[in-house]
Structure formats: C-alpha cells, structure tokens
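S.K.: got a sequence here, can you model it:
(one chain, ligands or ions: 3)
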Amino acid sequence: MYAGVIINRKVEAVDRVFTYSVPPQLQDKLQPGMAVRLPFGKEYVEGVVVELLDAAPEGMRLRPISSIIGDAPLFRPDLLQLSAFIAARYHCTRAAALLAMLPAGLSLSGVLPKLNTQEALYALPLPEDTVLTKKQQALYDAAAAAPGISREALLAAGFSAPMLRTLIKQGCIEQRREKVEVNRPAPALSAADLSPAQQQVYDGIIAEWQGRRRPYLLHGVTGSGKTEVYLRLLAEAAARGKQGIVLAPEIALSAQLQQMLQRRLQLRVVVLHSALTAAERRRVWQDIAAGEVDVVIGARSAVFAPLPDLGIIIIDEEQESSYKQDNVPRFHAREAAIERCRLAEAQLVLGSATPSVTSYHAAETGSFAYGELKERYYNAPPQEVDVVDMRRELREGNRSIFSRLLQDELIAAFTRGEQSMLLLNRRGYFSFYSCRDCGSAILCPHCAVAMAYHAAGGQLKCHCCGHTTPLPPACPGCGSLRIRHFGAGTQKVEEEVRRLLPEARVARLDSDVMEKRGAHEQIVRQMREGKIDVLVGTQMIAKGFDFPRVTLAAVVAADTLLNLPDHLAAERTFQLLTQLCGRAGRRDLSSRAIIQTYQPQALPIVAAAAGDYRLFYRHELRQRQMYAYPPFAHLLRIVLSAENLPALQLAAQAVADQIEVQLLPGMELLGPAPAVWEKMKDRWRWQILLRGDEPQSLLAAAERGWQQAQAEEHLPAGLQVQFDVDPYSMF
Ligand code: ADP
Ligand code: ZN
Ligand code: ZN
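M.R.: Ligands and ions are numbered 1, 2, ... in the order given. Down below sits the predicted model:
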C-alpha cells in the first residue's frame, strides 16, 4: 500500500504529491485526508495524505510514513478535491490551499481538535452491602437525581473529587465520556407560510436541486423575503438528512439568521465569526465534522466547513467584495462554492438585491438559474432620493462640501431629534482630477478608469496600463479650464458637521477608528441608543446597520466611488448607492437619501436613484464588452514589489517583456504600472495586468514568463511576486 502525500510546506519547490510506502501497522487505519508525520530529506515533517495507491512508481526506493496524526481524516474527500481546484485556479501551493481550510489556530502538527466531550455521571444500583457515609450518600443522591450530570456540575455543587473517585471505584457511580450536544432549543415559533412569489422561487430552486443543479441566482430587493426562502431551503436540506452553509457578509445578519433557524426550525446552528477564540474555533470545527451541526453560518472561509453531507450553500449578498480574499489563497467564495457544490452534488443559491454583473450575466446566458422577488413583503413607503448637482452649487456660490439641501436636511433632522448618516468613500485618498464644470474625471483612453496625478513629473498616470499624459490645460470633455484635484476625507466631513451643528453629537467610523478595539461596537451601540446624532463614515456604515431612527442618509461625494481606478468602480457605486437608498426609511418615519455628485448624469447614479437594476446592468455590460472586462474576459494581476524603486521599475519591465513573449493569441498584457498604493510597508509595488479568455492559460503564460525572467534577467534581490486571478482592486 502506498500513499500520495502533500508536504506541509508552502514552498513551490515541494508543491507536488510525493509517494510514500505505508507500513503494515498503519494500513488499516490510514485514510485519505489524514495528517501524517514522515521523513523528508533530513528531517521529519507533517503532510496530508491525498490518495492511497496500490502500486508505486517503478524503480524508486520509497520511504515509509512514520505515523498518523490524530485518528480521523482532517479533510473530507470533497474538500481534498476542492483544495486542488483552489491551488490551480488561484495559483497557490496545495499546502496553502489545504491550510486555508482549517480553522485559525489549527495546524497539521499542533493540537488536533478534541471531541467536545464531557464526563457524564450515572448512579448505578448500589452494590450489596455498600455502606455510604452521609456525604457520600448526598453525592450519590445528587447523581441519581440527574442522570448524565457532568463531573464539573457535581464538583461545582460542592462535592469533592476524591469522594467522587471513591464512589466510581466502588461501582456506585458510572462515568462515561459523552459528546456534548450542540444546543437544540425548544420550538418557539413556526415557520411562516411563503407568499405565492416566494413559493414560486422556492419551487424553482428545489427543481434545480433535483435537476441540473446549476447555481441559482435569487434576485430580490431588500425586504422581499429572501431570508424566508433561505430558511425553507435549510429546513428542506435537514429533512433530507443533509447540512447547509450560509455565507453572509455581516455578523449582524448572521446572528439574526441563527436565531430564526434555531427558534423556528430547531436546527443546530453554529456561527463562525471572528470573535471566536482559537480553542472555540477548533471545537466548533470538530462538531461540524462530526455531523452535529445542521447549518454553518460564516464569512467567506465558511465555504470550507467540513460538513459530512453537504446539501446546500447559500451566499447572501453575493455581490459583496468581501467574498474575495486578498491574501493567499486569493480565492473568491462564489467560485469555491460553485466547485464545492459540484463535487458534493449540492445546490448553490446566490441571493442579492443588486447582483454582480458577472452573476447576472451568467443567469442571462443560462449558466445560472434565475428567480426574482420583485416586491417588498411589507409595503414600505418609497424612499425619497435626491441627486444634488454639486456643479450647480459651485456656480451659485456655495463652496462648502455640503450642498444647501444637505445642510437644510441635516439641521432639520437634528432639530427633530432624528439621526443622520453621512458617507464618504473609504478610498477617498486615491486622488484624481475632475472637471468642475462637466464633472467628468480624466480617464485613461485605453482602460476607461480614472487616472491618478503624480506630483513628481506633474503627470497623470493610469494604474492599469501605465499610460501617462501631462495634466491637460483644459477638460477633454467640455473645454473648461477648471480642472481640479478631487479629495475630501472623513475627518474633513466630521469637522464640517461640527461647524454646521455645534451642539450635535458627531461620531466617525472609518478604518482608522476601526483599528481601536471595541470602537466599532461602541459606536453601533451608541447609534442604537440614540446617543449619536450624526454618524460620519466610510462605506462600512452603509452595510448591515439597520438603525430605525436614521431618517437622513447621504453620500457626500459619489465621485470618489465612481472614479476608483478599476473596472468594478461603476458596479460598486451602483450597489452602494442602492443600499444607501434602502437604508433610511425602514420604519414608519419618513426619510430621504441624498446623493451629492459632480456627475449627476452618470449612469450608476441615475439608475440607483431610480431603483432600476436593469438600466444599470445593460449599460455596464456594454462598457465591459467595449473594454474587454469581466464577464467578457478574465484578468490576472501580477504585483511585483521591492525596496528599491528604480530597480523595481526595470525588473517590472523585464518581467513584462518575458511574459509578453509567452502570450497566446487572444491574450493581452497591460503595464507595467504603479499599483495604486505604490508604497506599502517600505516596499514599492508595480503591477502587470493580463487579460484573456481563460484563467488557467493566463496563469500558465505568466508563470512561464516569470520563470524565464528569473533565469535570464538580473532581478533585484528580494523581488517578490503575487498573482491575483480575477482581481477585485488595483490597490
Ligand atoms: P430579505 O431577506 O429579502 O431582505 P426578509 O426575508 O428579511 O427579506 O423579509 C422582510 C420582512 O418580511 C421580514 O420582516 C420578514 O419576516 C417578512 N416576511 C417575509 N416573508 C414572509 C412570509 N412569507 N410571511 C410573513 N412574513 C414574511
Ligand atoms: Zn469638463
Ligand atoms: Zn490605462
């Protein structure tokens, strides 16, 4: 018997399957997916068995596996296969892909998860002629009164451990190791009846599940009852003896969903959230693997939860960029889920009020199934949305970052004792130039993304393709001479609010504030309790927070979103504005949303204000087609970094030249160009973009070019490379 093993080293040089022999004493126990110790070179290392073989390659002296770590496989067959997919699709070592599937704090060699068990105690019929002391009798009675009581509980009740030991030895009490039950609370509420529209969608998903099992895109505005449909599907999975995974971008939603699942459907649910300690994570992971859990809720890596019989994966808010991981492995949870469902023969459901262009396109072309919930379950009064033209404000003498309408509404909301939220894009410090008269930013003619100004050299530069041009004296669109730098941060907005409303309680929520532990929770609590009048923040405030007393929500400058330098800028703008428009006015208070912009005619803004998804989609799809962006092509972003800038620039050019040689027809190379964050942690960063029909062959070409460059060029010491397949940003 032989085993194919992946060595636990995230190094490309050993990234392949090594064959080992299996000594006789391990042959009964060894299974694929198990962690093992084995000799490797001059040392002993850990590895994961990915396959068992009857025959070994000829003519090789094989070394034996030394021992098995733990007593159950760490990886189920579908996850072993999924790790191969992740490694190939997103360019990382198989070891890195496998480790990404384990909970943080769990390594192959370290502490393996212990079964979540406790010592349960049972009183036995007293053996003949047993004489108990008074205290012993009390202990015995306590155990008899509560069969299965835990050892901890008895000790906590004041009984001593030595006395317990004596009774066990005498055969009066039996001690058994028992699995601790994951909470299965008593039924409280029954499930709601589905509306006819919900029923139709539900039936469609079930039909797909029993048929072709294509991913199902459930398109429904916020409040249309998607969550009810999810609940039904998870109950159905449980009824079939299968388990489900729900991916949700926010914890708030997860907790709510967990409650509903437990209380209404009596399902055993765990939430994998970031606040779990490493020990809790391991325990939960073990429960999941043991089949003790019906539903796992979590963020993107919950897609790897080791459920033994997966029936369904639901990804809520499938358009969210947090489903893309921005460190190795740089996978997208949607893609991973598609593959996992294929391997496990499970159904995938993607829910969204504003589907990603890619998913909607897949539905339109039939590779996804599609269903829609058009109306809110409870009719809410439509929200008033105003798009304010900031060019006009300027023309009419208002130089403030707040329009007159926004100022009036801020004052009015404060006077009524209601809350307001002001939003500015997180990446506001990407600086671009735009025209104050027509509002348009200066775009790269090749990539259609905003160009950035580089003070050195006084030039505009495209972060995608590297195209440079001097700052034009006049606007290319309208000829106006008023081309200005654009930028305002959340701090500036906060200052302005304080100036406008000196008595208001103002708070700010952005990534600076988020770095302080607990700051985020505190602000959310204060908002709930009505202790904040105006909340200023980045887009994180638009998501997941349902504050009933917010009656004014405003985007201070939609332009900073719209002009982010990547192909998803328009899509993100539309999604965020749509979310914001649905934010205020959830309850009976009447409310409004205000969008300030220099480009009121920009389509993502017009479509969001009108609540018209299809208008946005059609327009965006044409743009993507024109500039060959996804879904019409795949991109591969290659980031090179080094400490010395001139050396990096030379190296980037050399690597690009080598890759260029490797390209096949239909592939295209853009750049090299500086990454948007050109310097991070003392390293300069440049990037090369590849475009083509198929990610695997793009990767292959890039890798060949990179290897050629390493072999033939004088690359600076310490040059690092990252490959990002289907990138989500150019930062
Ligand atoms: P979504 O997930 O699409 O935002 P929800 O599922 O949260 O929407 O539904 C919005 C509201 O409508 C919730 O308060 C929910 O309880 C209610 N609701 C949805 N479907 C039903 C139903 N079939 N019966 C009763 N209430 C429902
Ligand atoms: Zn102009
Ligand atoms: Zn360009």
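S.K.: so Ala553 lies in a helix, does it not?
M.R.: No - assignment of Ala553 by DSSP: H, G, I helix; E, B strand; the rest coil gives strand, placing it outside any helix.
S.K.: now do the contacts for Ser431.
M.R.: Applying CB atoms under 8 Å, 6 or more residues apart in numbering to Ser431 gives the contacts Ala452, Tyr453, His485, Phe486, Gly487. No exception for glycine: its C-beta is placed from N, CA and C like everyone else's.
S.K.: just the buried residues of these.
M.R.: Ala452, Tyr453, Phe486 (16 or more other CB atoms under 10 Å).
S.K.: quick one: neighbours of the residue nearest to Leu699 when sequence neighbours are not counted, just the number.
M.R.: Spatially, and ignoring its direct neighbours in sequence, Leu699 is nearest to His91 (5.3 Å; CB to CB, 6 or more residues apart in numbering). A count of neighbours around His91, defined by other CB atoms under 10 Å, yields 25.
S.K.: relative to Pro77, how far out is Gln262?
M.R.: Remark: distance between Gln262 and Pro77 (CB to CB, to the nearest Å) = 30 Å.
S.K.: looking at those two, which is more packed in?
M.R.: Taking other CB under 10 Å, Gln262 and Pro77 do not tie; Gln262 has more neighbours (20 against 14).
S.K.: can you tell me the element that one falls in?
M.R.: Per DSSP states H and E, Gln262 falls inside helix 251-265.
S.K.: the next helix-or-strand element following that helix pairs with which strands?
M.R.: Later in the chain than helix 251-265, the nearest helix or strand by DSSP H and E is strand 269-272. Next to strand 269-272 in the sheet, as set by DSSP bridges, lie strand 295-298 (parallel).
S.K.: looking at the next helix or strand after the strand it pairs with now, give me its mean pLDDT.
M.R.: Where DSSP H and E defines the elements, the next helix or strand beyond strand 295-298 is strand 310-316. Per-residue pLDDT over strand 310-316 has a mean of 97.
S.K.: so which elements touch strand 310-316?
M.R.: In terms of contacts (3 or more CB pairs under 8 Å, 6 or more residues apart in numbering; DSSP states H and E), strand 310-316 is packed against helix 226-239, strand 243-247, helix 333-344, strand 347-352.
S.K.: these: which one's closest to Glu43?
M.R.: helix 333-344 (32.7 Å; CB to CB).
S.K.: average model confidence for that closest one?
M.R.: Averaging the model's pLDDT scores along helix 333-344 yields 97.
S.K.: helices or strands up against that helix?
M.R.: Contact partners of helix 333-344 among helices and strands, from 3+ CB pairs under 8 Å, 6+ apart: helix 77-90, strand 243-247, strand 310-316, strand 347-352.
S.K.: residue of the stretch 101-250 of the chain closest to ligand 2, please.
M.R.: Val221 (35.1 Å; CB to the ion).
S.K.: now that residue: closest residue in space, sequence neighbours ignored.
M.R.: Sequence neighbours aside, Ala353 is the residue nearest to Val221 in space, at 5.0 Å (criterion: CB to CB, 6+ apart).
S.K.: correct me, but the one you found touches Leu218?
M.R.: No - using CB atoms under 8 Å, Ala353 is not in contact with Leu218, being 10.1 Å away.
S.K.: of these two, who's got more company?
M.R.: Leu218 (28 against 20).
S.K.: the helix or strand hosting that one vs strand 310-316, what angle?
M.R.: According to DSSP H and E, Leu218 maps onto strand 216-220. Orientation of strand 216-220 against strand 310-316 (axes from the mean of the first three to the mean of the last three CA atoms, to 10 degrees) gives an angle of 30 degrees.
S.K.: please state the offset of strand 216-220 from the chain centre?
M.R.: Relative to its chain's centre, strand 216-220 lies at 19 Å (CA atoms, centre = their mean, to the nearest Å).
S.K.: kindly report the same for stretch 720-728.
M.R.: That offset, for stretch 720-728, works out to 17 Å (CA atoms, centre = their mean).
S.K.: give me the contact list for that stretch.
M.R.: Taking CB under 8 Å, 6+ apart as the rule, stretch 720-728 contacts 89-91, 321, 324, 326, 328, 330, 332, 335, 566, 568, 630, 634-642, 655, 683, 695, 698-699, 702-703, 706.
S.K.: and whichever residue of the stretch 251-400 of the chain sits closest to ligand 2, which helix or strand is it part of?
M.R.: Relative to ligand 2, the nearest point of the stretch 251-400 of the chain is Arg391 (9.4 Å; CB to the ion). Taking DSSP H and E as the criterion, Arg391 maps to helix 390-395.
S.K.: buried ones in that helix?
M.R.: For helix 390-395, the neighbour count (16+ other CB under 10 Å) marks Met390, Arg391, Glu393, Leu394 as buried.
S.K.: need the residues that contact it.
M.R.: Contacts for helix 390-395 (CB under 8 Å, 6+ apart): Ser400, Ser403, Arg404, Arg436, Asp437, Cys438, Gly439, Ala557, Gln596, Thr597, Tyr598.
S.K.: try it again at 7 Å.
M.R.: Ser403, Arg404, Arg436, Asp437, Gly439, Gln596, Thr597, Tyr598 (CB atoms under 7 Å, 6 or more residues apart in numbering).
S.K.: need the max-distance pair from these.
M.R.: In the contacts of helix 390-395, two members sit farther apart than any others by CB to CB. They are Arg404 and Asp437, at 19.3 Å.
S.K.: enumerate the residues of this protein near ligand 1.
M.R.: Residues of the chain lying close to ligand 1 by CB under 6 Å from any ligand atom are 192-195, 198, 220, 222-228, 377-378.
S.K.: re earlier: closest one to ligand 1 out of the buried ones among the contacts of Ser431, please.
M.R.: Phe486 (34.3 Å; CB to the nearest ligand atom).
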